[in-house]
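> mind folding the following:
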Amino acid sequence: MFGFSGPDWFVALILVIAFALSFSISLLFDWSKILRFEKKETSIGILVSVIFSIALSVLLTLFILILTEPIFSAFY
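Residues are numbered from 1 along each chain as shown. Predicted coordinates:
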């Protein structure tokens with residue numbers, strides 16, 4: 001899709017690090033209160049927090065992938 005020709009393990013490592021960092025940062029937010037779920041202790045509140053953290057992490061990881069694509073294109 002992006003045409004990487006550099007080492008695949010390096011690209012995978014950057015994506016894993018980007019996902020881990022963005023997931024840990026997004027877990028700091030209390031998504032249940034932001035989305036007006038009053039009871040975070042309930043399973044729905046926890047589920048909403050985890051789902052939004054994963055969604056934000058995927059979006060940030062794709063954004064980092066798009067930003068770093070010109071760097072990996074230099075390996076052509």
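> every contact and neighbour count from this point should use C-alpha atoms.
Noted.
> okay, the closest residue to Ser53 other than its chain neighbours: pLDDT?
In space, and not counting its chain neighbours, Ser53 is closest to Ser26: 5.2 Å by C-alpha to C-alpha, 6 or more residues apart in numbering. The score at Ser26 is 71. That number is its pLDDT.
> what does Leu60 give?
Value for Leu60, per-residue pLDDT: 79.
> repeat for the one 10 residues further on
At Pro70 the predicted local distance difference test score is 70.
> quick one: least confident helix or strand in this structure?
helix 31-34 (a mean of 62; mean pLDDT, DSSP states H and E).
> next structured bit after that helix?
helix 43-73 (DSSP states H and E).
> check which residues of that next one are buried.
45-46, 48-50, 52-54, 56-58, 60-61, 65, 72 (16 or more other C-alpha atoms under 10 Å).
> and it, what does it pack against?
helix 8-26, helix 31-34 (3 or more C-alpha pairs under 8 Å, 6 or more residues apart in numbering; DSSP states H and E).
> tell me which of those helices sits most buried.
helix 31-34 (a mean of 16; mean count of other C-alpha atoms under 10 Å).
> ok, the buried residues of helix 43-73 vs Leu21, which is closest?
Ser57 (8.2 Å; C-alpha to C-alpha).
> which residues touch that closest one?
By C-alpha atoms under 8 Å, 6 or more residues apart in numbering, Ser57 lies in contact with 19-20, 22-23, 26.
> pLDDT wise, what is it at?
Reported pLDDT for Ser57: 78.
> could I get the contacts of Ser57 as TSV with distance to Ala12?
Shown next, in TSV, are the contacts of Ser57 (distance: C-alpha to C-alpha, whole Å):
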residue	distance to Ala12
Phe19	10
Ala20	12
Ser22	15
Phe23	16
Ser26	21
